[in-house]
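J.: Could you work out the structure for the sequence below:
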Amino acid sequence: MTKLTDQSLLKKASYWQGEWHDADNCFDVTNPANGDVIAKVANSSADDAEKAVAAAHRAFNAWAARPAAERAELLLRWQQLLLEHQDDLALLLTLEQGKPLAEAKGEIAYGAGYLQWFAEEAKRVYGDTIPAKTDDQRIIVIKQPVGVVAAVTPWNFPNAMIARKAAAALAAGCTFVVKPAQLTPLSALAMAELADRAGIPAGVFNVITSTDAKAIGEVLTEDKRVAKFSFTGSTKIGKQLAKQCAGTVKRVSLELGGNAPFIVFDDADLDAAIDGLMASKFRNAGQTCVCTNRILVQQKVLAAFTEKLLKAIGKLKLGDGTADNVDIGPLINHDACDKVDKLLNEALALGAKLQCGGKRQAADSLFYLPTLITGVNNDMAVAQQEIFGPVAAIQSFDTDAEAIALANATDSGLAAYFYSRDIGRVWRVAEALQYGMVGINEGMVSNPAAPFGGVKQSGYGREGSKYGLADYLDIKYLCLGGLAD
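T.: Numbers count the residues shown, from 1 in each chain. Predicted coordinates for the structure are as follows:
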């Protein structure tokens with residue numbers, strides 16, 4: 001932390017009503033690369049969460065009434081501050097989450113991109129006029145902010161996941177309360193500090209840090225003053241939170257687990273496919289919801305593709321994210337390592353073949369060696385559960401129909417990828433894949449201008465793009481009568 005240029009970005013208290021609030025006790029935030037405690041952060045209570053919701057509720061009317069251009073200007077100031085402090089924010093992120101600094105800097109820029117995008121979209125919330133059935137009526141449709149928005153965000157993208165949600169909410173005229181993951185609260189608190197500097201009014205953006213996810217979640221999902229709830233995380237937790245929202249009929253958006261297939265057809269540019277796979281599979285040590293989980297390779301190119309992938313994996317450098325030229329940092333905690341071990345060992349016991357890696361760097365380390373296994377089939381747990389680690393699992397197929405069937409044989413439907421140079425195959429496969437996002441000859445699909453979200457049990461709602469404001473706006477129909485002479 002001594003390397004931070006701006007030490008005031010290191011905040012350790014929850015933030016609501018434009019003020020910092022300590023708690024009776026604290027929890028440790030540790031660096032997964034070495035286990036060091038890097039900060040002790042306020043362990044806020046459910047009562048504190050209610051105060052944050054109350055602050056957002058009080059601030060709502062004034063914020064919603066602000067002209068869209070003024071809200072846009074404040075969001076752009078916030079975006080500029082994120083970029084001005086990109087190095088410090090990236091360092092905080094790497095220290096608490098583990099990803100390499102280059103990736104962390106990319107995440108800061110990515111999150112700032114959502115603030116810019118929605119600042120611009122704030123001025124484009126258009127209504128309609130509709131022809132009425134009589135000459136003494138006029139029909140007008142307007143859009144208004146839903147109200148207070150609450151969010152729970154994950155540890156794997158502790159800056160960007162907040163920026164993506166908060167940018168849309170604030171642009172629409174809503175106020176916002178977020179509970180960041182207890183493993184990575186420092187990025188959220190630094191964002192709050194910069195929101196304050198940008199001039200975001202008190203109560204508009206609020207952060208509650210806590211280890212009591214259940215109690216805080218109950219407040220954010222059950223308080224009737226909260227009009228919308230947004231969650232990014234596991235499918236299991238998302239289902240429970242959605243149930244809790246039902247009592248007050250909240251607007252809900254969920255971005256849940258994935259099981260992304262990466263399909264390589266026999267006409268693919270194999271070198272391009274390798275590049276796309278390395279970005280999709282090993283970014284953030286494989287700890288992303290859109291991360292490649294199953295690699296499906298057509299039999300004709302299986303041997304050549306596997307050889308190329310093995311060489312590419314061998315070039316990856318594992319280490320502390322703050323060190324130079326590191327490609328992969330640690331997994332987030334020992335539970336994450338244990339899950340990867342379990343999935344990998346089960347697959348090997350059922351006949352999969354280990355080509356490289358397959359273990360932690362050391363017995364008590366959170367660094368997991370980049371791993372490649374072959375001979376996988378879709379019945380193995382490694383193909384049906386999110387690996388969330390640097391394990392590439394290859395299975396083969398013969399026909400296009402088989403590839404599509406294998407890809408769709410999951411309850412998840414977040415992201416899918418495939419490589420082919422046949423334009424007819426591209427359209428057929430893209431339309432047949434049951435996923436919310438499809439990368440075609442591309443391993444990185446997320447972009448502020450594009451709608452991010454899934455189908456099936458990967459959730460509903462979209463973040464980013466012109467569609468991203470829809471869940472934060474109510475449509476109101478106005479019927480004007482008595483207008484005839």
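
J.: Contacts for stretch 48-68, please.
T.: 14, 16-17, 21, 23, 71, 122-123, 125, 144-145, 147-150, 170-171, 173-177, 179, 201-204, 206-208, 210, 215-216, 219-220, 223, 225-226 (Cβ atoms under 8 Å, 6 or more residues apart in numbering). Placement of C-beta: from N, CA and C, glycine included.

J.: now those residues: which count as buried?
T.: Listed as buried from the contacts of stretch 48-68 are 14, 16-17, 21, 23, 71, 122, 125, 145, 147-150, 170-171, 173-177, 179, 201, 203-204, 206-208, 210, 216, 219-220, 223, 225-226; burial here means 16 or more other Cβ atoms under 10 Å.

J.: what's around Ala132, how many residues?
T.: 15 (other Cβ atoms under 10 Å).

J.: Now it: closest residue in space, sequence neighbours ignored.
T.: Nearest non-adjacent residue to Ala132, counting by Cβ to Cβ, 6 or more residues apart in numbering: Ile139, 5.0 Å away.

J.: The one you found looks like it's in a strand, true?
T.: Yes. Assessed with DSSP: H, G, I helix; E, B strand; the rest coil, Ile139 lies in a strand.

J.: Does it touch Lys476 like I think?
T.: No. Using Cβ atoms under 8 Å, Ile139 is not in contact with Lys476; the gap is 11.6 Å.

J.: So between the two, which is more surrounded?
T.: Between Ile139 and Lys476, counting by other Cβ under 10 Å, Ile139 is the more crowded of the two (14 against 11).

J.: Take the buried ones among the contacts of stretch 48-68 and keep only those in helices.
T.: Among the buried ones among the contacts of stretch 48-68, DSSP state H puts Arg71, Leu170, Ala171, Ile216, Val219, Leu220 in helices.

J.: and these, which two are the farthest apart?
T.: Arg71 and Ile216 (27.0 Å; Cβ to Cβ).

J.: Tell me how far the residue lying closest to Gln182 once chain neighbours are set aside lies from Lys179.
T.: Of all residues not flanking Gln182 in the chain, Thr211 sits nearest, at 4.8 Å (Cβ to Cβ, 6+ apart). To Lys179, Thr211 is 11 Å away according to Cβ to Cβ, to the nearest Å.

J.: How about Val429?
T.: 39 Å.

J.: can you tell me which residues contact Asn333?
T.: Pro32, Leu183, Leu366 are the contacts of Asn333 under Cβ under 8 Å, 6+ apart.

J.: pLDDT score assigned to the second one?
T.: When you say that, I think you mean Leu183. With respect to pLDDT, Leu183 has a value of 98.

J.: Next: the first one.
T.: Turning to Pro32, the model gives it a pLDDT of 98.

J.: That one is in contact with Pro330, isn't it?
T.: Yes. Here Pro32 reaches Pro330: they are 4.4 Å apart, a contact under Cβ under 8 Å.

J.: what about stretch 362-375, start to end distance?
T.: 27 Å (Cα to Cα, to the nearest Å).

J.: same question, stretch 450-458
T.: Stretch 450-458: ends 17 Å apart by Cα to Cα.

J.: So for that stretch, what gets flagged as buried?
T.: Applying 16+ other Cβ under 10 Å to stretch 450-458 flags Pro451, Phe452, Gly453, Gly454, Lys456, Gln457, Ser458 as buried.

J.: who's in contact with the residue nearest to the last one when sequence neighbours are not counted?
T.: If the residues on either side of it in the chain are set aside, Ser458 comes closest to Leu414, at 3.9 Å by Cβ to Cβ, 6+ apart. Under the criterion of Cβ under 8 Å, 6+ apart, the contact list for Leu414 reads 255-260, 289-290, 435-437, 453-454, 458-459.

J.: same thing but at 10 Å, please
T.: 235, 255-260, 289-291, 293, 386, 435-437, 452-459 (Cβ atoms under 10 Å, 6 or more residues apart in numbering).
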